[in-house]
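A.B. asks: Return a 3D structure for these sequence lines:
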Amino acid sequence: MKKIFFLLLLLGYSCLVQAQTDNVYISVAMPSDCTLDGNTKSILKNKLLQILSTEGVAGTECGAIIIVPEINIINSNSVYGGMRQILSVELGITVTVRNMITNTVFNTMQIASKGEGYSDNEAKRSAINKIDALNTDYSRFVEATKMKISDYYRNNTVSLITKANTLASQQLFDEALALLSTYPESLPGYTKVSNAMVSIFKKCQTQYCSQILLSAQAAYSKHDYTEAAELVSMIDAQSSCAAQAKALLNSIKKGMDKQYNDIIAMEKEKMRSDERIKSAQIKAIKDIATAYFKRQTEYIFFW
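C.D. replies: Model (predicted):
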């Protein structure tokens, strides 16, 4: 199994932040105090995802850049239809796209919709269902938002790195990595950002190296030398358990027969690739960032 999978098990992370390739991505999050029922929240989430998908910016997991709906009742009344009371409700939905860490607001849009039902929940669900996600006004909103997000990151690269380093100096490593993790890879400043993330990640490895080492020792005890060596390679030379990791690697070498020696030699050659190591680090960073997002209480992700 891949070493990143073991790191996920060790740190207890449940989802991956979508990789940034040539665009920005926006995740849907609900305010924790939203009064809609669970089914209606899911319908609204899917409507917002559909709106984002028209411009290819839908983040189907959790991230720092979020679109948040706030629900207000503009008007409501009731009439009797046959033997039952029918409720009519008009909702005003304020949709805001923001960075949940810096609280930077990129853009805001208003959506109004009416619905009917035999209960308050049914009426609200009806109103949400009637939102036309293919409305061209929404497409223009998303396109404008995408440009504003790119401009923000392009113009604030240095200040974001500075803030992340400040957070790291306060031992707030997860927040620091989360701050930088959704920087679009398509922007020219991404190299500086990725270097900053790796630097911060190395500083925080002391928090996790003992857990990684335990898993490596467990793999070694099962004679899974390849997996043990891969896990040991995740431990940075500057971390607090580097000496123990080196000792374990020596034990792995001594305990292997010719077949395992050949395998580990091949793995060591692969692991010497800076690109592979950095890729593994970036994946681990995104997992740490995701865990940070999931712990926040102001917003809720439904994934």
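A.B. asks: all strands in the chain, in order from the N-terminus.
C.D. replies: With strands called from DSSP state E, the chain shows them at 26-28, 30-31, 58-59, 65-81, 84-99, 105-117, 299-300.
A.B. asks: hmm, who's touching the third one?
C.D. replies: By C-beta atoms under 8 Å, 6 or more residues apart in numbering, the surrounding residues in contact with strand 58-59 are 18, 25-28, 49, 52, 65. The C-beta positions use only the backbone N, C-alpha and C, and glycine is treated the same way.
A.B. asks: list the buried ones in stretch 179-196?
C.D. replies: Buried positions in stretch 179-196, judged by neighbour count with 16 or more other C-beta atoms under 10 Å: 179-185, 187, 189-190, 192-194, 196.
A.B. asks: what does the average pLDDT come to for it?
C.D. replies: Across stretch 179-196, pLDDT averages out at 89.
A.B. asks: Can you tell me what sits against it?
C.D. replies: With C-beta under 8 Å, 6+ apart, stretch 179-196 has contacts from 17, 19-25, 63-65, 101-102, 149-150, 153-154, 157, 160-161, 163-165, 167, 197, 200, 278, 282, 285-286, 289.
A.B. asks: sorry, back to before: now the buried residues of stretch 179-196 in TSV, with distance to S210?
C.D. replies: As requested, the buried residues of stretch 179-196 are arranged in TSV below (distance: C-beta to C-beta, whole Å):
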residue	distance to S210
L179	26
L180	25
S181	24
T182	29
Y183	30
P184	34
E185	32
L187	36
G189	34
Y190	32
K192	31
V193	29
S194	26
A196	25
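A.B. asks: Among those residues, which one lies nearest to K45?
C.D. replies: T182 (18.9 Å; C-beta to C-beta).
A.B. asks: From V28, how far out is that closest one?
C.D. replies: T182 is 14 Å from V28, where distance means C-beta to C-beta, to the nearest Å.
A.B. asks: okay, and for the stretch 51-200 of the chain, where does confidence drop off?
C.D. replies: For the stretch 51-200 of the chain, the stretches flagged by pLDDT under 70 are 81-82.
A.B. asks: before we move on, back to that, including neighbour count, could the contacts of strand 58-59 go into JSON lines?
C.D. replies: As requested, those are exported to JSON lines (neighbours: other C-beta atoms under 10 Å):
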{"residue": "Q18", "neighbour count": "17"}
{"residue": "Y25", "neighbour count": "23"}
{"residue": "I26", "neighbour count": "27"}
{"residue": "S27", "neighbour count": "27"}
{"residue": "V28", "neighbour count": "25"}
{"residue": "L49", "neighbour count": "17"}
{"residue": "L52", "neighbour count": "25"}
{"residue": "I65", "neighbour count": "25"}
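A.B. asks: Using pLDDT, spot the least trustworthy of the residues you listed.
C.D. replies: On pLDDT alone, Q18 ranks lowest of the contacts of strand 58-59, at 37.
A.B. asks: Show me the helices in this protein, by range?
C.D. replies: 3-11, 38-53, 120-129, 136-155, 157-169, 173-181, 190-204, 209-221, 225-233, 242-255, 258-271, 274-295 (DSSP state H).
A.B. asks: Pull the residues that contact the fourth one.
C.D. replies: Helix 136-155 is contacted from outside by 23-24, 26, 51-52, 54-55, 57, 65, 95, 97, 99, 104, 106-107, 109, 111, 160, 183-184, 186-189, using C-beta under 8 Å, 6+ apart.
A.B. asks: what's the angle between it and helix 38-53?
C.D. replies: 70 degrees (axes from the mean of the first three to the mean of the last three C-alpha atoms, to 10 degrees).
A.B. asks: Could you list the buried residues of helix 136-155?
C.D. replies: Quick answer for helix 136-155 (16+ other C-beta under 10 Å): 138, 141-142, 145-146, 148-150, 152-153.
A.B. asks: cool, the last one as well?
C.D. replies: Applying a neighbour-count criterion of 16+ other C-beta under 10 Å, one finds 280-293 buried in helix 274-295.
A.B. asks: Repeat that for the fifth one.
C.D. replies: If you call a residue buried by 16+ other C-beta under 10 Å, then helix 157-169 has these buried ones: 157, 160-161, 163-165, 167-168.
A.B. asks: which one of those is nearest I300?
C.D. replies: Using C-beta to C-beta, the buried residues of helix 157-169 come closest to I300 at L167, 23.3 Å.
A.B. asks: Now the closest one: closest residue in space that isn't a chain neighbour?
C.D. replies: Nearest non-adjacent residue to L167, counting by C-beta to C-beta, 6 or more residues apart in numbering: A176, 3.9 Å away.
A.B. asks: From what I see, that neighbour and L160 are in contact.
C.D. replies: No - using C-beta atoms under 8 Å, A176 is not in contact with L160; the gap is 10.1 Å.
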